[in-house]
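Undergrad: any chance you could fold what I've pasted below:
(chains A and B)
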Amino acid sequence: MTLAGLSLAYLRARPLATALNLLLLALGVATITVLILVTAQLENRMGRDARGIDLVAGAKGSPMQLVLSAVFHLDAPTGNIPLAEANALAKQRFVKKAIPLALGDSYKSFRIVGSNHEYPAHYGARVADGRLWSAPMEATLGAEVAARAKLAVGAKFAGAHGLGEGGDEHENEPYQVVGVLAPTGTVIDRLILTSVESVWEVHEHGAPAGAPKELTALLIQYASPLAAAMLPRMVNASSSLQAASPAYESARLFRMIGVGVDVLRAFGVVLMLAAGLSVFIALLNALEERRYDLAVMRMLGATPARLMGLMLLEGSLLAVAGGIAGLGLGHLMTEALGAALRQAQQAAVSGWAWSDEEWWLLAASLGVGILAALIPAWRAYRSDVAPVLAEG
Amino acid sequence: MLSLKAVRHRYGAREVLKVERFEAASGEHWLVLGPSGCGKTTLLHIVSGLLRASEGEVRVGNQLLAALSGAALDRWRGRTLGIVPQKLHLVPSLTVLQNLLLAQSLAGMPADAARARAVLAQVQLAERSAARPAQLSHGEAQRAAVARAAVNRPQVLIADEPTSNLDDANCERALDLLEAQARECGATLLIATHDQRARPRFRQRLELPQ
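TA: Presented below is the predicted three-dimensional model:
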């Protein structure tokens, strides 16, 4: 009969209190786990999606909306920009690379993006099947689009107006799938790529004859560090365009989300502390119930340190079990959230990821358990057994 | 084997125990008799090292108890003594067998389930080894407590009021059980009781005055 066996026996003897304490601790740990996993994966994902894009130029409006729509494909664009102005900007000496984007349509909530071959190349995408588009109304699909929309090379589909489901379908201008990209782990996986000309062709019927061509945004890579200081100011001051920095806007977004994340994290910490308090009360009550047990154990040869160890181990076992259950629950909740996001064709998070912060969370729950057991353990250590046995 | 010399114990100014000289040889069975409040339990606690005598010298075998302290005293108690407390107090969340294994573990002895089962068989509890204390009758619980005290083959077996609240037949059975286990272990038996029914059975008696 080891100390751990004895602690487990005591925990099993109080199933309801043990289960409630476990649940409380698990809920606190699970809440924080979800936040850790979601924020880590979103930051990681957004970092990968924005890598190598120093500036986005688009129609005037909210710079965050421009970045969310053009880089992460999460929001509606701020509007369109004249092709002539976009071309003039792309020729600036501060610009190393400028990738044009033309948005407006979607298929089953997957965005159709008109661009050139530099766009998939920017994300290191390679063709898994077929080829990249070369003529108008040809489309190359991101890996996730092909899998979820069940489209393969040779298939035809009609885009719908707008970026969500329910828009009018452009049935007279069907796209033909000519290729499918291999998974990249970036935003490209969720996009349908075609030429800018295809987007113009689909939309030219409603436009007045001779209307100037337009783009939605330009993704720009700076030619030199000096460009970071000069180009945004130049764009914002001297044209009808707006310049937005993905790095700055992402950081701003996380600062804004961060307040909510911090509130939820504090809620998780409060749950964990409440669990610690509950474990403390349970152990203190158990100490009172077990004063004769502890005295008998001393009588049988247990040292005070061993009795202290027993109480600490009981608190620790409860905390570690609650911590592990909480991590498991947190991963399941994250996976459920990820499944819901995948259903909405949004950037997915996965419950099957692991963050190093979770080790700290496990250590913190163990700390809560030890802290909760410390006073009962000390009282067990200090207890005078002779008067207790004499009471018998 | 067990000796007390000029042992006195006081709570504040009140003296609760006074034993000038007491010696029990190995294997002897002693009855410590006296009315309630005469210091019987105090004497048992002093012999088992749970209480330090205010004055005097206590030896068990060659061991002077005053020379031991802290963890060493606890370990010595677990290995040398077998104690049956008045209210038995088996650990309720453990089975009967686990209570015996716990006694082995707390005394720092290697786990010996065969020995524990053998002792349970000696006290006719082999069939009840998986029962929890709450499922035992008083007689079974008392046998389990004796088995727990005997499982480490103690040099001294101590029982505090083992016959209180028992009818005559069960009183005899309890004393039979303690004597049988003491003989089996070759231990000195020390029974503290106020129950005069035990008196005729023991030739060696330590009578404590009120």
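Undergrad: which helices and strands does the host helix or strand of residue A:257 pack with?
TA: Assessed by DSSP states H and E, residue A:257 sits inside helix A:246-289. Using 3 or more CB pairs under 8 Å, 6 or more residues apart in numbering or on different chains; DSSP states H and E, the elements in contact with helix A:246-289 are helix A:15-50, helix A:63-70, helix A:304-343, helix A:357-382. For glycine as for every other residue, the C-beta is placed from the backbone atoms N, C-alpha and C.
Undergrad: could you redo the last one with a cut-off of 10 Å?
TA: Under the contact criterion of 3 or more CB pairs under 10 Å, 6 or more residues apart in numbering or on different chains; DSSP states H and E, helix A:246-289 touches helix A:3-13, helix A:15-50, strand A:55-59, helix A:63-70, helix A:291-299, helix A:304-343, helix A:357-382.
Undergrad: for chain B, which of those is the nearest?
TA: Comparison of the helices and strands packed on helix A:246-289 against chain B by CB to the nearest CB identifies helix A:3-13 as nearest, at 3.6 Å.
Undergrad: would the closest one count as contacting chain B?
TA: Yes: for helix A:3-13, a contact with chain B is found by CB under 10 Å from any CB of the partner chain, at A:3, A:5, A:6, A:8, A:9, A:10, A:11, A:12, A:13.
Undergrad: identify the residues contacting that helix?
TA: With CB atoms under 10 Å, 6 or more residues apart in numbering or on different chains as the test, helix A:3-13 has contacts from A:1-2, A:17-19, A:21-22, A:282-283, A:286, A:289-290, A:293, A:297, A:302, A:306-307, A:309-318, A:321, B:91-95, B:98, B:101-102, B:105-106, B:132.
Undergrad: quick one: buried residues of it?
TA: Residues of helix A:3-13 classed as buried by neighbour count (16 or more other CB atoms under 10 Å in any protein chain shown): A:3, A:6, A:7, A:8, A:9, A:10, A:11, A:13.
Undergrad: pLDDT wise, what is the last one at?
TA: Confidence per residue is given as pLDDT, and for residue A:13 that number is 86.
Undergrad: next helix or strand past the host helix or strand of residue A:179?
TA: Assigned by DSSP H and E, residue A:179 belongs to strand A:175-181. Note on strand A:175-181: by DSSP H and E, the next helix or strand toward the C-terminus is strand A:191-195.
Undergrad: quick one, that following strand and strand A:175-181 angle?
TA: 120 degrees (axes from the mean of the first three to the mean of the last three CA atoms, to 10 degrees).
Undergrad: what's the burial count for residue 30?
TA: Chain wasn't specified; assuming chain A. By the criterion of other CB atoms under 10 Å in any protein chain shown, residue A:30 has 24 neighbours.
Undergrad: um, chain B though
TA: 21.
Undergrad: quick one: secondary structure of the residue of chain A found nearest chain B?
TA: Residue nearest to chain B within chain A (CB to the nearest CB): residue A:301, separated by 1.7 Å. Classification of residue A:301 by DSSP: H, G, I helix; E, B strand; the rest coil places it in coil.
Undergrad: nearest spatial neighbour of it, chain-adjacent residues omitted?
TA: residue B:78 (1.7 Å; CB to CB, 6 or more residues apart in numbering or on different chains).
Undergrad: now do the contacts for the one you found.
TA: Residue B:78 touches A:297-303, B:103-109, B:152, B:154, counting by CB under 10 Å, 6+ apart.
Undergrad: ok, residue A:51 touching residue A:123?
TA: Yes: with contacts counted by CB atoms under 10 Å, residue A:51 reaches residue A:123, the gap being 8.4 Å.
Undergrad: how far does the helix ranked longest in chain B sit from its chain's centre?
TA: In chain B, taking DSSP state H as the definition, the longest helix is helix B:168-185. Taking the mean of its C-alpha atoms, helix B:168-185 sits 12 Å from the chain's own mean (CA atoms, centre = their mean, to the nearest Å).
Undergrad: packing partners of the next helix or strand after that helix?
TA: Downstream of helix B:168-185, the first helix or strand assigned by DSSP H and E is strand B:188-193. If you count contacts as 3+ CB pairs under 10 Å, 6+ apart, strand B:188-193 packs onto strand B:14-24, strand B:29-33, helix B:40-47, strand B:81-84, strand B:156-160, helix B:168-185, strand B:204-207.
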